[in-house]
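**Student:** A structural model of the following input is requested.
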Amino acid sequence: MKQVLIAEDDAAIRGVVAGVLVDEGYAVTAVENGQEALDSCHAQTPDVVLLDLMMPVLDGFEFLKKGKAGCRAPVIVMSAGFRLKQLPSEAKVAGFLEKPFDLVDLVATVERVLVQPRPPAAS
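**Tutor:** Okay, the predicted model is just below:
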């Protein structure tokens with residue numbers, strides 16, 4: 001079973017996204033800030049991370065910077081206030097969902113990212 005980590009501070013969005021993905025057969029861990037996402041990513045190895053950018057404690061931008069050190073999972077950014085082209089060039093993301101997004105698009109994006117080959121681990 002593929003593991004999805006959701007980092008979203010809005011409880012309603014987090015719940016809907018988690019529910020849809022569980023219904024699709026994914027194992028889901030949902031957290032409410034970037035620090036919890038980083039901790040979760042180090043504790044278990046998710047297959048994909050769904051990441052909000054604007055969160056308390058540690059935002060999505062900082063997660064993208066710090067996550068490179070230990071979280072190799074591809075990241076799908078979910079954001080209302082930013083566009084993919086506004087992310088720093090070093091922020092390698094596998095997908096982007098502009099809020100509000102269609103739940104069919106959510107599932108399709110997760111599935112598309114999961115079939116992409118991962119780069120080899122750095123030695």
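**Student:** beta partners for the nearest residue to residue 1 once chain neighbours are set aside?
**Tutor:** Distance criterion CB to CB, 6 or more residues apart in numbering; nearest residue to residue 1, sequence neighbours excluded, is residue 27 at 4.8 Å. Just so you know, the C-beta spots here come from the backbone N, C-alpha and C atoms, and that holds for glycine as well. Residue 27 has these beta-bridge partners by DSSP bridges: residue 3.
**Student:** Tell me the spacing between residue 27 and residue 20.
**Tutor:** 14 Å (CB to CB, to the nearest Å).
**Student:** and if you look at residue 79?
**Tutor:** Using CB to CB, residue 79 is found at 18 Å from residue 20.
**Student:** Those two: which has the busier surroundings?
**Tutor:** It is residue 79, of residue 79 and residue 20, that has more neighbours when counted by other CB atoms under 10 Å, with 19 against 16.
**Student:** How many neighbouring residues does the nearest residue to the more buried one once chain neighbours are set aside have?
**Tutor:** Nearest non-adjacent residue to residue 79, counting by CB to CB, 6+ apart: residue 53, 4.5 Å away. The tally of other residues near residue 53 (other CB under 10 Å) stands at 21.
**Student:** Likewise for residue 42?
**Tutor:** 12.
**Student:** cool, and the one 5 residues further on?
**Tutor:** Using other CB under 10 Å as the criterion, residue 47 is surrounded by 17 other residues.
**Student:** Distance of the closest residue in space to it that isn't next to it in sequence relative to residue 28?
**Tutor:** Of all residues not flanking residue 47 in the chain, residue 2 sits nearest, at 4.5 Å (CB to CB, 6+ apart). Separation of residue 2 from residue 28 (CB to CB) stands at 10 Å.
**Student:** Compare these two (neighbour count), which wins?
**Tutor:** residue 28 (19 against 15).
**Student:** Using the three-state scheme, assign residue 54.
**Tutor:** The assignment at residue 54 comes out as coil when based on DSSP: H, G, I helix; E, B strand; the rest coil.
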